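1. Task: produce atomic coordinates for the following.
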Amino acid sequence: MEDTGYRDRIGQLVEPGEQVLAYAKADAAHGAPPPPPPDAAKPEAPAGGVSIGAVLLNLISPLISWAWGDRLVDRVIWGIAGRGAPGSAASRLHHALRPPKPDLAVRDILLVATDRRLLVCLSGPVKLLSSREDDERSVAETGIAWSASRAEVASARVGWHRLNPKRLRLDFADGSWLAFTVPIAESGRPLRDVAAALSA
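-> Here you go, the predicted structure:
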């Protein structure tokens, strides 16, 4: 999918007079996330605590999921992807990207730095083998999932995390933070541009 389609769509989503400084297609970093907001709907989970069997099943089959096992595996394999109290900026942002009952569609995440806000947008469903019409529909369905004023973003920086040198960490004024990455084979320049725009 061409990025020019996203650039045009982002221009339609911002407020009149708001200037887009940079944007990047990214993924929420793997790892243990911040807790969900207090008012978030809770996913259904089996009763009982964590067990060795649950952790092993999570390692063997990612389709079988227990919350405690997921968090332990995420922490050991990927590390920490974000921190913050329930209801913090990082908590609300992560929840906006990963609701408790997702529709299982693959969607692109766009981080957009403007002169007024940080926008996090979700595209329409993306197909692996898509036609031009599918790509246009996905771009047209792109919308703002979450936003914060520039004052709420304390800092943004790109650096190494384990084996990935292209991990963007967004720190918020309330002390919470959340990380985003791009695949190793893709350029980290768009992430660095977003970090620079948010730090200016």
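
2. Quick one: name whatever helix or strand follows the lowest-mean-pLDDT helix or strand in the chain.
-> The helix or strand of the chain with the poorest confidence is helix 67-77; it has a mean of 52 (mean pLDDT, DSSP states H and E). Later in the chain than helix 67-77, the nearest helix or strand by DSSP states H and E is strand 82-83.

3. how many neighbours does Ile184 have?
-> Residues lying near Ile184 (other Cβ atoms under 10 Å) number 10. Yep, even glycine has a C-beta here, placed from its N, CA and C like the rest.

4. That one in helix, strand or coil?
-> When classified by DSSP: H, G, I helix; E, B strand; the rest coil, Ile184 comes out as coil.

5. ok, for it, nearest residue in space, not its chain neighbours?
-> Excluding the flanking residues, the one nearest Ile184 by Cβ to Cβ, 6 or more residues apart in numbering is Asn164, at 6.3 Å.

6. any idea which helix or strand carries Phe180?
-> Per DSSP H and E: Phe180 is located in strand 177-181.

7. can you give me the angle the next helix or strand after that strand makes with strand 177-181?
-> As assigned by DSSP H and E, the chain's next helix or strand after strand 177-181 is helix 189-199. Relative orientation of helix 189-199 versus strand 177-181 (axes from the mean of the first three to the mean of the last three Cα atoms, to 10 degrees): 150 degrees.

8. Could I get the buried residue list for helix 189-199?
-> 190-195, 197-198 (16 or more other Cβ atoms under 10 Å).

9. Give me the below-cutoff pLDDT ranges for this structure.
-> Scanning the chain with the threshold set as pLDDT under 70 gives 1-4, 41-78, 99-103, 161-163.

10. Tell me which stretches of it form strands.
-> Remark: strands assigned in the chain by DSSP state E are 20-28, 82-83, 109-114, 117-122, 143-149, 153-161, 164-172, 177-181.

11. Look at Pro86 and say how many residues are nearby.
-> Neighbourhood size, Pro86 [other Cβ under 10 Å]: 14.

12. now swap in the one 5 residues further on and tell me
-> Residues lying near Ser91 (other Cβ under 10 Å) number 25.

13. do the same with Ser149
-> Residues lying near Ser149 (other Cβ under 10 Å) number 10.

14. Spit out the contact partners of it.
-> By Cβ atoms under 8 Å, 6 or more residues apart in numbering, the residues touching Ser149 are 116-118.

15. could you redo the last one with a cut-off of 10 Å?
-> Neighbouring residues of Ser149 by Cβ atoms under 10 Å, 6 or more residues apart in numbering: 116-118, 173.

16. Would you mind measuring from it to His95?
-> Going from Ser149 to His95 by Cβ to Cβ, to the nearest Å gives 19 Å.

17. residue closest to the middle of the protein?
-> In the chain, the residue lying closest to the centroid (Cα atoms, centre = their mean) is Ala28, at 3.2 Å.

18. quick revisit: closest one to Val112 out of the buried residues of helix 189-199, please.
-> Comparing the buried residues of helix 189-199 against Val112 with Cβ to Cβ places Val194 closest, at 7.7 Å.

19. Quick check, that closest one in contact with Lys166.
-> No. Val194 is beyond contact range of Lys166, at 11.6 Å (criterion: Cβ atoms under 10 Å).

20. Alright, calling it a day.
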